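1. starting from these lines, generate the structure:
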Amino acid sequence: MALARYFDKAILAGSSVLQGFDPAAFTKTLESHVIGIAWDGPAAESQEGRTALALIVELLARLYPVLAFAQDDGETSAFAASLIARARAINERLDLAEPAAAMVWVCVGQGAAPANDALALHVGSDGWIARFSSRGPVPVGSSPNPFGAAAAACLGAANVFRYVFGDQLVAGDLDGDVQISVLTLDPLEAEPTNPTLPPVDFGEAFLVGAGAIGSATVWTLTRVPALAGTLHVVDGEKLDLSNVQRYVGSSEAEIGTVKVELAARALANTGLRVEPAAMRWGEFLKRRGDWGLESVLVALDSAEDRILVQGALPRWIANAWTQPGDIGVSRHDFDDERACLACLYTPKAVQPHLRDKVAEDLKLTTVEAKARVSNLLYNGDAVGEEFLREVATAMNMDVQPLLPFADKPLIEFYHVAVCGGLILSLGGGSDASRAEVPLAFQSAMAGVLLAAELVAHAGGLRSVPLAVTTKINLLRPLGSVLCLPHGKAPGCICGDEDYLAAYRTKYEHVHGSGDASLRATREGPALL
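-> Prediction:
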């Protein structure tokens, strides 16, 4: 069948969100469902329609092994050919089915129609407004604004997943009719806010993390017209096979490429100046020697890394995340009454040592086994065949698939075998890892919203600031209240007078000022 080479990661993502998860049943369900994509002529001719269709293909091809394509005239156009080619670049094993075999359709354009009587899920947009309906066609706008179309594509892919796996989701019903502005993120807004997207120059901004969320942020920014500024993209890793499961814009052919170089390539034909930095955040700051950080977009995996970014005292931060219960974005200044980024991630309890987490995930429970884990992590030695046999015995599984890792350090084996889903796919059990791996549409929505935060902030497009956090659960119908306040955390650095003084000095800050042109000093705070 046409399962992607990175399907192990898809299994891990499914195990994170589905009740009663069984890898074999999950695989069989995907193999037996043909997903259709349909559009009409006007949608294919509009920028919004093309944006929606491009992202729909990006999302569906990373999970579903069989797709069907249909357009209103029934002919294969150059545009259709480009979508099919892109789907096959994402999954080189992808199968194409006849339209009559599709079991559910994603339709873009009011004239788009399924090729059979299967369920049709309709995606549309108008500038900042994302539209979705499981009841009937919705219009597609003609503006160059990508935000509504991209968000609508994520809603469409999320509803396909709910259709296919709804019986394993809590309250996993389909959305009815959705109309929401990405600018205000208020589902109850009677007339969704939809200003014309003006030219925006954000000056200098920093995207920290070019992973699943960061790649979707970059993908979206490539489609924003008249966007100017310098974007530093900071990430020290290369694209690996498991990443392709959810990295929008990536393909199997790009495995092994440095992630920031992929971002630079994607943005090469825009008005942005892109500065790729293939290193971690701390090393980037050390080499940069300039701690004037006006706008920072955070797309990182861990609480610790997010706190480190806040510790550098950027003037303004937008942060995005994914987790099984929701995806979202948050917005942060530092010298005001609202939560800073560190407030959201201050530990509420003692965190387990890495040694204990690795040992527990590998089911190594004896004192001697934990000592071996500790030594391997500390020394960075190859795990060896004996250790892998111990793991296989503990996991009650065949050791043969693990033996290729005998000459690898433990942390690399752990990331691939546990976080990458290898052990789970081989029958290691649904509790083999606590790793939270998002589905592609979850990461993509977070990335779209993060890109929107930068453009809205730099362009001054919100007359009223949104609450600190926006949370969206894409595994159930859209809630009525998405934006929520968040107070300061007791003991956080944003309540420390020394940090506040450093921040105010750094930006010559007057408390309460909204002047985006305040100048930053050229040194990092002495506190750090």
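
2. now for the nearest residue to residue 293 once chain neighbours are set aside, how many residues are close by?
-> Distances taken as C-beta to C-beta, 6 or more residues apart in numbering put residue 314 closest to residue 293, at 3.8 Å, once the chain neighbours are dropped. Every residue, glycine included, has its C-beta placed from N, CA and C. Using other C-beta atoms under 10 Å, residue 314 has 29 neighbouring residues.

3. how much space separates residue 314 from residue 339?
-> Counting by C-beta to C-beta, to the nearest Å, the gap from residue 314 to residue 339 is 15 Å.

4. about what we covered before: can you tell me the SS state at the residue nearest to residue 293?
-> coil (DSSP: H, G, I helix; E, B strand; the rest coil).

5. per-residue confidence for it?
-> Looking at residue 314, its pLDDT reads 98.

6. over to it: give its phi and psi.
-> Main-chain torsions, residue 314, degrees, to the nearest 10: phi -60, psi 160.

7. OK, contacts around it?
-> 206, 293, 294, 295, 296, 334 (C-beta atoms under 8 Å, 6 or more residues apart in numbering).

8. is the fourth one in contact with residue 458, as I believe?
-> Yes - look at residue 295 against residue 458 with C-beta atoms under 8 Å: they come within range, at 6.8 Å.

9. contact partners of stretch 484-498?
-> Stretch 484-498 is contacted from outside by 310-311, 330, 334-335, 337-340, 342-344, 346, 467-471, 499-500, 527, using C-beta under 8 Å, 6+ apart.

10. again, only this time at 10 Å
-> Stretch 484-498 is contacted from outside by 307, 310-311, 313, 328, 330, 332-348, 466-471, 499-500, 502-503, 525-527, using C-beta atoms under 10 Å, 6 or more residues apart in numbering.

11. which of those count as buried?
-> 307, 310-311, 313, 328, 330, 332-335, 338-346, 466, 468-471, 499-500, 502-503, 525 (16 or more other C-beta atoms under 10 Å).

12. so can I have CSV of the contacts of residue 314 showing pLDDT and secondary structure?
-> Formatted as CSV, these follow (pLDDT from 0 to 100; DSSP: H, G, I helix; E, B strand; the rest coil):
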residue, pLDDT, secondary structure
206, 98, strand
293, 97, coil
294, 96, coil
295, 98, strand
296, 98, strand
334, 96, coil
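
13. these, buried ones only, as a ChimeraX selection?
-> To isolate in ChimeraX the members of the contacts of residue 314 that are buried, counting by 16+ other C-beta under 10 Å, one can use:
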select :206,293,294,295,296,334
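
14. contact partners for residue 338?
-> 330, 331, 332, 465, 467, 468, 485, 486, 487, 488, 494.

15. rewinding a little: overlap in contacts, residue 295 and residue 458.
-> 202, 203, 205, 229, 316, 516.

16. contact partners for the closest residue to the fourth one other than its chain neighbours?
-> If the residues on either side of it in the chain are set aside, residue 229 comes closest to residue 202, at 4.1 Å by C-beta to C-beta, 6+ apart. The contact partners of residue 202, by C-beta under 10 Å, 6+ apart, come to 221, 227-231, 272, 294-295, 454-455, 457-459, 516.

17. residue 86 too?
-> Taking C-beta under 10 Å, 6+ apart as the test, what residue 86 contacts is 53, 54, 57, 58, 61, 251.

18. in what helix or strand does the first one lie?
-> Translated: residue 53. Secondary structure assigned from DSSP states H and E places residue 53 in helix 47-60.

19. the stretch 401-528 of the chain: strands as residue ranges?
-> Ranges of strands in the stretch 401-528 of the chain, per DSSP state E, counting those that start in this stretch, are 469-472, 483-484.

20. now distance to residue 402 too, for those strands, in CSV please.
-> Output for these, formatted as CSV (distance: least, C-beta to C-beta, whole Å):
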stretch, distance to residue 402
strand 469-472, 38
strand 483-484, 44
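
21. could you verify that residue 270 is part of a strand?
-> No - using three-state DSSP, the secondary structure at residue 270 is coil, not a strand.

22. mind listing what the spatially closest residue to it that is not a sequence neighbour touches?
-> Nearest non-adjacent residue to residue 270, counting by C-beta to C-beta, 6+ apart: residue 222, 5.8 Å away. Applying C-beta under 10 Å, 6+ apart to residue 222 gives the contacts 146, 249, 263, 266, 267, 268, 269, 270, 272, 451.

23. does the first one really touch residue 223, like I thought?
-> So the one you mean is residue 146. Yes - if you go by C-beta atoms under 10 Å, residue 146 and residue 223 touch, sitting 3.8 Å apart.

24. point to the helix or strand of the chain where mean pLDDT is at its lowest.
-> helix 422-425 (a mean of 61; mean pLDDT, DSSP states H and E).

25. beta partners for the closest residue to residue 455 other than its chain neighbours?
-> In space, and not counting its chain neighbours, residue 455 is closest to residue 200: 5.4 Å by C-beta to C-beta, 6+ apart. Residues in a beta bridge with residue 200, per DSSP bridges, are residue 227.

26. residue 71 now?
-> The partner residues for residue 71, given DSSP bridges, come to residue 39.

27. for residue 77, find the nearest of the strands of the stretch 401-528 of the chain.
-> Smallest distance to residue 77 across the strands of the stretch 401-528 of the chain (C-beta to C-beta): 33.9 Å, for strand 469-472.

28. okay, and for the stretch 251-400 of the chain, where does confidence drop off?
-> For the stretch 251-400 of the chain, applying pLDDT under 70 flags the ranges 348-351.

29. in it, which spans are helices?
-> Under the criterion DSSP state H, counting those that start in this stretch, the stretch 251-400 of the chain contains helices at 259-266, 281-288, 303-311, 341-345, 354-361, 367-379, 384-395.
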